[in-house]
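> no letters, just coordinates:
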């Protein structure tokens, strides 16, 4: 009931509908994940984002922002919309309630991950020489588990479990230690932000439903459901397309269009898809399940726009429709098509069927 209807209108614009709602999802999310706002940061060179442990230094009410973002994610899931954001696998795991593993460390520090894995080959004697306990200190965290315990200082301690400083790491509890070490490294300092996000998401995805999701899908599949596919499969996109207004798969303009799309960078394809559908990512379940007006499946459509070849392409995002004038050459089509990369906002005429 809470997500039954979401109608968006931008200030100063007359349009409304599913396409406008999609753009609102993208714009609201884009603003909140902007690293300049301080709520998120990257540990892998900008490839993915996760909550910033120092977010409170940038905004006193940062936890309210994370709760709001969780609520937005829930509404997006309800409406089968994709959010154009690449969060880290560890963040998705924490949100879904899956345990962090040693392998997850590779996403932010491959060398450290290798060192952790090598510990599985240590004999009991070597582990004993390491003098490891279920407690970490700042010096030990930088030493990558060298055998010489005298090289490690004792500055500040983080216990991985109650009384962890007095629990020695042995072959019997090594896997537990590695799991808790990885969890502390990846999400230990952002638990408040994760909990706030989950509180917002809980309105739509409570503990019971998350448990069902963990049983029937992987973390990668959950990421696809929420954020869509990062790579756009042009073959699949083309195979699902329909043509109206006199165009067909054999029309020159249609052939030129797909040739141009194949020559684009992934970012440019995302921009074009956003212009046509309001989302920069492909649907998690493929282009055959592209959602359109009033929550109905609506194939991507290229329609001939005979109002003049001097016009750039326009789009009806609620219907996943690109209105393409019958340009006389591939070069003209390419130049006109790329004008859409800088198009934002909606006009009421664009949402007419």
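In hand now; what should we look at? For clarity, every value in this text was computed on a predicted model and none was experimentally measured. Numbering: from 1, shown residues only.

> so the residue lying closest to residue 84 once chain neighbours are set aside: helix, strand or coil?
Closest residue in space to residue 84, ignoring its immediate chain neighbours: residue 280 at 4.5 Å, by CB to CB, 6 or more residues apart in numbering. (Each C-beta comes from the backbone N, C-alpha and C, glycine too.) Recorded secondary structure, residue 280: coil (DSSP: H, G, I helix; E, B strand; the rest coil).

> same question, residue 45
Under three-state DSSP, residue 45 comes out as coil.

> need the pLDDT of it.
Here the pLDDT value assigned to residue 45 is 71.

> and for residue 147?
45.

> sorry, back to before: so the residue nearest to residue 84 makes contact with residue 268?
No: counting by CB atoms under 8 Å, residue 280 sits too far from residue 268 to count as a contact (10.5 Å).

> so which of the two has more stuff around it?
Using other CB atoms under 10 Å as the criterion, residue 280 and residue 268 rank with residue 280 on top: 22 against 16.

> how far away is that one from residue 302?
The gap separating residue 280 from residue 302 is 19 Å, by CB to CB, to the nearest Å.

> how about residue 266?
21 Å.

> circling back: need phi/psi at the residue nearest to residue 84.
phi -90, psi 0 (degrees, to the nearest 10).

> distance check, it against residue 129.
Following CB to CB, the distance that separates residue 280 from residue 129 is 52 Å.

> rewinding a little: could you check which of residue 266 and residue 302 is surrounded by more residues?
residue 302 (24 against 10).

> what segments of the stretch 51-200 of the chain are helices?
55-58, 62-78, 89-96, 110-118, 124-130, 174-187, 191-201 (DSSP state H, counting those that start in this stretch).

> residue 257: which of the ones you listed is closest?
Residue 257 lies closest, by CB to CB, to one member of the helices of the stretch 51-200 of the chain: helix 62-78, at 28.9 Å.

> contacts for that closest one?
The set of residues external to helix 62-78 that reach it, using CB atoms under 8 Å, 6 or more residues apart in numbering, is 3, 6, 25, 28-29, 32-33, 38-39, 51, 55-56, 59, 82-83, 95, 192-194, 196-205, 225-226.

> ok, now with 6 Å
Helix 62-78 has contacts (CB atoms under 6 Å, 6 or more residues apart in numbering) with 3, 25, 32, 39, 55-56, 83, 193, 196-197, 199-201, 203-205.

> start to end distance for stretch 288-304?
By CA to CA, to the nearest Å, the extent of stretch 288-304 from end to end equals 22 Å.

> so residue 330 touches residue 257, yeah?
No: look at residue 330 against residue 257 with CB atoms under 6 Å: they stay out of range, at 9.1 Å.

> so the two - more neighbours on which side?
Neighbours per residue (other CB under 10 Å) separate residue 330 from residue 257, with residue 257 holding more: 24 against 15.
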